[in-house]
Structures are given as structure tokens and as C-alpha cells.
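1. next come a sequence and a model predicted from it.
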Amino acid sequence: MYACHSSVPITRSDPRVKPETVLITGASSGIGKELARCFARDGSRLVLVARRRDPLEVLATQLRPASGIEAVVLVADLACPEGAARVFSQIERDGLEVDVLVNNAGFGAQGLFAQLPLDRQLEMVQLNATTLTHLTRTFLPGMIARRRGGILNIASTAAFQPGPHMAVYYASKAFVLSFSEALSEELSGTGVTVTALCPGPTATGFGEAAQMRRTPMFRLLTMSASSVAEAGHRGFRRRRAVVIPGVWNRLLTFSVRLVPRWLSRRIVGAMNRPRET
């Protein structure tokens, strides 16, 4: 189900410059919502995509007068295989050119792989990896032809090692990081950039949806969604291939290189295991 109402950094002060159009998936809450605020401050036209209409409308209503920008609301379920194609069709019908694609939508699930519902885990792969790939392949050729634009993919510090008790989520984010870094190199010299934002545990609805609030990982290492979004936006504008917000997160991802993989698996498994109540 979907509905619609209706690069190079752009400065709002020059009326002759057409504002860039930024499409953000998962924009209704968390990091996606905060990234929308960051791009709104740039004067970018926003296309806000998520499953829930009401929070998108509230955000768009807040951003339009506060930033003087156009904010388009597009309701879509990107966990469905046809979701990405429907978003692109709506964008084409509206005559929009997407200059920046922010692939933020995603979710995780905590538990043993053999016990978690198969449908839910396949849905996770669809949203976290397949839909991200579909949207990137759909909008990237236009960016290359115009020789401007960029893609900001939300990966995770989970991408740097396997994750017992969240096996599919960690694997999906490893795909996002590897895919983003490869594209960043492929697109060198085209005017188009790709950035992978790799946050650690973040204070959003993700932890609750993944049933991770009681794990040591979330209790000890959580950052705010706004600080993660600011770091990601800043790194994207600076054309960085990989952004890891937070000193502690950077230390943890670096330390993975120094320990045997068997030990890394055990440490992450212990961090992801719920604390007994």
C-alpha cells in the first residue's frame, strides 16, 4: 500500500539553484527522522517514505514552515518485494529526480536463528538488503547521468563481525557495508558518492522491535538518534565512504581486527544475549 501527497550540497541562499531532492526511507522515526531534519536544514526537498502515514505527516508539517522546504509524504511498505518498484513509479509520476537516496529503513530480531519465525527473517533480508539494492539500482543511473548525487546507506557496527543471537541482522548489515564500499570505489570520478553509516546501539524504536533492550549491548553503548544522524549527514557531505559515530564504537570496530574470529563471535554472542530477569 502506498500513497503520495503533494550530489552537490545545495545552498538555500541562491534562488537560481534548484534544490536537491532527498528520498529517505524509514523516515517516520529514529535515525531516519533525524536525518530528515539534517537535510531540511540544507534546504533540500524531502521525500519521506515509511509504512505509517501519521508520523510522516507530522514530521512534514513540522519541517515545511521551520525550514522553508518542500516535504512530500509517500506511504509504502518496503518489506514487500514490490515496495521499491512502487516507490519509483510514484516518483516518476510526480516528475521528481532523486539526487540523494537515504536507505535507512530496516529492522532486526533478537533470538536463536532456529527459533525465530522464518517469514520474519526473510522479511528482514528483503528490507535490509534486497530493497536497499533495488532502490539503489533504480535511482543510481540517473545520478550518474547527471554527474551529481549520492547514496547514504545505513549499515551498523554489526557489519564488522558475525552476531550470534541476531545472525540474520548482522549478516544483512555486513552486506550493506560491503556493497556500499564497493559502489563507492566503482563510482569514483562520476560525481556520485556512496556513504555507509555504521552506528552502534541507538536510542530508537529498533531496540524494542528487536527485543534487545535488556541485552548488555543496548544497556551499555546506546547513542542518541540525533547524534548518529548528525555524524552520518556530516560524513556524507564530506564524501566519506564509511562513517562510524562515537569513539567507543570506533574502538570496538577496530578491536575486531585484533582478536581471533572465534573470540569475537563469543563476545558478541554474550553481548546480544538477554539478561535474565
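-> Looks like it arrived, so ask away.
2. from here on, just use CA atoms for contacts and neighbour counts.
-> Noted.
3. show me where the protein has helices.
-> Assignment of helices within the chain using DSSP state H yields the ranges 30-41, 53-67, 83-93, 118-125, 132-146, 167-186, 206-209, 216-221, 225-237, 247-255, 261-272.
4. could you check how far the residue sitting nearest the centre point of the chain is from T25?
-> For the chain, the residue sitting closest to the mean C-alpha position, by CA atoms, centre = their mean, is N104 at 2.1 Å. Plainly put, N104 is 5 Å away from T25 if you go by CA to CA, to the nearest Å.
5. enumerate every residue touching the nearest residue to E20 once chain neighbours are set aside.
-> Excluding the flanking residues, the one nearest E20 by CA to CA, 6 or more residues apart in numbering is S44, at 5.2 Å. Residues in contact with S44 (CA atoms under 8 Å, 6 or more residues apart in numbering) are 10, 19-22, 69-70.
6. the same query, at a cut-off of 10 Å, please.
-> Listed by CA atoms under 10 Å, 6 or more residues apart in numbering, the contact partners of S44 are 9-12, 18-23, 36-38, 67-71, 99-100.
7. among these, which ones are buried?
-> The neighbour-count test (16 or more other CA atoms under 10 Å) applied to these identifies 12, 19-23, 36-38, 67, 69-71, 99-100 as buried.
8. can you report how many residues lie near S188?
-> By other CA atoms under 10 Å, the residues close to S188 number 11.
9. quick one on the thing from earlier: taking the contacts of S44 one by one, which sit in strands?
-> With strands identified by DSSP state E, the entries of the contacts of S44 that belong to them are 21-23, 71, 100.
10. out of the buried ones among the contacts of S44, the closest to G83 would be?
-> Of all the buried ones among the contacts of S44, L23 has the smallest distance to G83: 14.3 Å, by CA to CA.
11. in terms of contact, does the closest one touch L48 like I think?
-> Yes: counting by CA atoms under 10 Å, a contact exists between L23 and L48, whose distance comes to 6.2 Å.
12. mutual contacts of the two, please.
-> 36, 71-72, 74, 102.
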